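Asks: coords please:
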Amino acid sequence: MIRCVRLWTGPDDHSLFEEGSITLPGQALSLATRATDILFRETAAGGAFSPHQAPRRQFVLTLSGTLEFKIASGATFTIRPGDVLLAEDVTGSGHSWRLQGDQPWRRAYIVLDADSVPQFAANRGVLA
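Replies: Below you'll find the predicted structure:
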């Protein structure tokens, strides 16, 4: 199972999140998800980013670093190396994040095609 946290904008214009996984039917290989680009980025240890919306629908694959994400309600979740973030909160109040520990955040952004359906399965109901 590949852990994935999905962020999206709720009807009240605030970001929500839920924990789940990338769907791996059959032989532990997901179905294809159409993407348009891949970008890489590194942020030094101690980095943080104030509330913002995702610039586009995208998967964010964390290669190193541990982050705490926060939404307007004050609810938080943690992303660790190997986790996937599905960022779909492209409108509304958005989310913020801050790095934990002394490792940089190295990540890959997989920009989703406008019509793509990400292979995400929620573990339980909305967390926040």
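Asks: Look up the closest residue to the residue nearest the centre of the chain, ignoring the ones flanking it.
Replies: Central residue of the chain (CA atoms, centre = their mean): L85, 2.0 Å from the mean position. Closest residue in space to L85, ignoring its immediate chain neighbours: V60 at 4.1 Å, by CB to CB, 6 or more residues apart in numbering. The C-beta positions use only the backbone N, C-alpha and C, and glycine is treated the same way.
Asks: quick one: the one you found and W97 touch, right?
Replies: No. When contacts are counted by CB atoms under 8 Å, V60 is not listed as touching W97 (10.1 Å).
Asks: D13 and A122: what is the separation?
Replies: 21 Å (CB to CB, to the nearest Å).
Asks: Kindly report the same for D89.
Replies: 16 Å.
Asks: Please name the bridge partners of the residue nearest to the centre of the chain.
Replies: V5, V60 (DSSP bridges).
Asks: Could I get the contacting residues of T36?
Replies: Contacts for T36 (CB atoms under 8 Å, 6 or more residues apart in numbering) come out as V111, L112, D113.
Asks: Just give me the closest of these to P25.
Replies: Closest approach between those and P25, by CB to CB: L112, at 19.3 Å.
Asks: Next, count neighbours for F49.
Replies: By the criterion of other CB atoms under 10 Å, F49 has 15 neighbours.
Asks: Just give the closest residue to it, not the sequence neighbours.
Replies: W97 (5.5 Å).
Asks: What is the burial count for that neighbour?
Replies: W97: 21 neighbours (other CB under 10 Å).
Asks: for the chain, which spans come out with low pLDDT?
Replies: The chain contains residues with pLDDT under 70 at 26-29, 31, 125-128.
Asks: how about 90 then?
Replies: Applying pLDDT under 90 to the chain flags the ranges 1-2, 22-34, 116-119, 121, 123-128.
Asks: now the strands for it?
Replies: 2-9, 15-22, 35-43, 48-52, 58-64, 66-71, 76-79, 84-88, 95-100, 105-112, 120-122 (DSSP state E).
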